[in-house]
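Chemist: With the input below, show me the fold.
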Amino acid sequence: MRKTKVRMWFGIIIAIIAVICISVFAFINQPSFGRLPQGERLERIKRSPHYHDGQFTNLHQTPMMTSDKGRFGAMLSFLFCKTERLRPEDAVPTIKTDLHKLERDKDVLIWFGHSSYFIQIDGKRILVDPVFCMASPVSFVNKPFKGTDIYKPEDMPDIDYLVISHDHWDHLDYRTVKSLKDRVGKVICGLGVGEHLEHWGYRKEQLVELDWQENAALDNGFTVHCLPTRHFSGRGLKANQTLWASFLLETPSQKLYMAGDGGYDSHFEEIGKRFPDIDLAILENGQYNEDWKYIHLMPSNMGKAARELKAKRILTVHHSKYALAKHPWDEPLMNERNMQEQDSLNMLVPVIGEVVPL
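Modeler: The predicted structure is shown next:
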């Protein structure tokens, strides 16, 4: 009788473990997780000077976690540490602009919150890291702040260049890019990210997939340069199989630098020297923490990075829509003011949806 009960409980435990394993396998094999690079793309990745021991690496050694509590301790602290004003109590001020009615000859920028923004310049329309549906694998995580979720894929006009800085969920949204697929001319992304997009129905000839220090001529007068940043990548269980990047877009009239996500490093000064007279630099500001200070730009380094780029104007993003770190939600807005007042930088500080002339 006793042996029968033991067998029964053992069988139940095995069955529960099997159900959990099957559920996890099914979950991470949803289309939204994308697909790891394979075939010719993987062979190209293996030839990259930035790919070592089966993964992409940063220019310099970059510890993911820097806390003396260790990775597990730092994660526990992050999960259970309470922060005042992590999310706004009231709706964040926004403007709902009808992008379909924008005159094509106007040079403008519209920020949608976090790291999503639209640029129209010299007759071309550029959409960067659009996340209009979900910023995580599940809808109840990374919920947008009240009032910020006002733009949807259908609000976007036809796009000439879709720019994806890296494949994290808060920058590459499956539902958004699927919805835009038939209205996008070319996709500009880092090496390996194109695998996700092909898996989701984009044509190979649409993809401008670049390694750091590569460039591509897009159209007459338009050239994109793929440049380093200090970050990491991944949508599932395996990290750093696709390249994270910043991009500099040269248009007939301006130079626009899109820094993507990443901590401070020597690349800011190098880019500033290589590309003098940058008209606008778009920098990360938000979702930082001392426990991961090398992979996101800390407030103490924002002014320094901006000065090294020598850009005429600065816009900061990666804030005001999601709470992905434990700082007060409006701390990035104070960082902007400090950059303007203490660092004497020419800052653009729009509200979500505001039309900013370029």
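Chemist: Nearest spatial neighbour of the most centrally placed residue in the chain, chain-adjacent residues omitted?
Modeler: Note on the chain: the residue nearest the mean C-alpha position is His171, at 3.5 Å, using CA atoms, centre = their mean. Nearest residue to His171, sequence neighbours excluded (CB to CB, 6 or more residues apart in numbering): Asp129, at 4.3 Å. For every residue, glycine as well, the C-beta is placed using N, CA and C.
Chemist: how near is the one you found to Glu195?
Modeler: For Asp129, the distance to Glu195 equals 18 Å [CB to CB, to the nearest Å].
Chemist: circling back: how far away is the residue nearest to the centre of the chain from Val131?
Modeler: Distance from His171 to Val131, by CB to CB: 7 Å.
Chemist: Spit out the residues that contact these two alike.
Modeler: Jointly contacting His171 and Val131 under the rule CB atoms under 8 Å, 6 or more residues apart in numbering are Ser115.
Chemist: can you pull out the helices in this structure?
Modeler: Applying DSSP state H to the chain gives helices spanning 2-28, 39-46, 70-80, 174-180, 194-199, 267-274, 299-309, 331-341.
Chemist: Contacts only, for the residue nearest to His171.
Modeler: Residues near Asp129 by CB under 8 Å, 6+ apart: 115-117, 163-165, 171-172.
Chemist: How many neighbouring residues does the nearest residue to Asp219 once chain neighbours are set aside have?
Modeler: Of all residues not flanking Asp219 in the chain, Lys124 sits nearest, at 7.1 Å (CB to CB, 6+ apart). Neighbourhood size, Lys124 [other CB atoms under 10 Å]: 20.
Chemist: how close does the closest residue to His196 other than its chain neighbours get to Gly353?
Modeler: Once flanking residues are discounted, His196 sits nearest to Gly34: 3.4 Å by CB to CB, 6+ apart. Per CB to CB, Gly34 is found 29 Å from Gly353.
Chemist: same thing with Leu243?
Modeler: Distance of Leu243 to Gly353, computed by CB to CB: 31 Å.
Chemist: Also Glu270?
Modeler: Distance of Glu270 to Gly353, computed by CB to CB: 34 Å.
Chemist: between those two, who's got more neighbours?
Modeler: Gly353 (20 against 15).
Chemist: Do you know the pLDDT at the more buried one?
Modeler: Gly353 is assigned 98 on the pLDDT scale.
Chemist: again, but for Arg104
Modeler: Here the pLDDT value assigned to Arg104 is 94.
Chemist: Can you tell me the closest non-neighbouring residue to it?
Modeler: Closest to Arg104 by CB to CB, 6+ apart is Gly123, at 6.0 Å.
Chemist: now the strands: where do they sit in the stretch 51-200 of the chain?
Modeler: Ranges of strands in the stretch 51-200 of the chain, per DSSP state E, counting those that start in this stretch, are 51-52, 55-56, 108-111, 117-121, 124-128, 159-164, 184-190.
Chemist: CSV please, covering those strands and showing mean pLDDT.
Modeler: Formatted as CSV, those follow (pLDDT from 0 to 100):
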stretch, mean pLDDT
strand 51-52, 98
strand 55-56, 98
strand 108-111, 98
strand 117-121, 98
strand 124-128, 98
strand 159-164, 98
strand 184-190, 98
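Chemist: Next, format these as JSON lines and append distance to Leu297.
Modeler: Formatted as JSON lines, the strands of the stretch 51-200 of the chain follow (distance: least, CB to CB, whole Å):
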{"stretch": "strand 51-52", "distance to Leu297": "24"}
{"stretch": "strand 55-56", "distance to Leu297": "19"}
{"stretch": "strand 108-111", "distance to Leu297": "17"}
{"stretch": "strand 117-121", "distance to Leu297": "17"}
{"stretch": "strand 124-128", "distance to Leu297": "17"}
{"stretch": "strand 159-164", "distance to Leu297": "19"}
{"stretch": "strand 184-190", "distance to Leu297": "18"}
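Chemist: For Leu315, which of these is the nearest?
Modeler: Of all the strands of the stretch 51-200 of the chain, strand 108-111 sits nearest to Leu315, with 7.1 Å by CB to CB.
Chemist: Give the other helices and strands that that closest one contacts.
Modeler: strand 117-121, strand 313-317, strand 355-357 (3 or more CB pairs under 8 Å, 6 or more residues apart in numbering; DSSP states H and E).
Chemist: Name the residues that touch it?
Modeler: 97, 99, 102, 117-121, 280, 315, 317, 348, 350, 352-358.
Chemist: Could you rerun that using 6 Å?
Modeler: Residues from elsewhere that reach strand 108-111, judged by CB atoms under 6 Å, 6 or more residues apart in numbering: 97, 117-120, 350, 355-358.
Chemist: same check, this time on stretch 133-141
Modeler: Outside stretch 133-141, the residues that touch it by CB under 6 Å, 6+ apart are 142, 169-170, 173, 175-176, 322.
Chemist: what's the most distant pair in these?
Modeler: Across the contacts of stretch 133-141, the longest distance by CB to CB is 16.0 Å; it joins Arg175 and Tyr322.
Chemist: quick one: which of these two has more around it?
Modeler: Between Arg175 and Tyr322, counted using other CB under 10 Å, Tyr322 has the larger neighbour count: 24 against 15.
Chemist: returning to that earlier point: of the helices and strands packed on strand 108-111, which is nearest Asp261?
Modeler: Shortest distance between Asp261 and the helices and strands packed on strand 108-111, using CB to CB, is found for strand 313-317: 9.7 Å.
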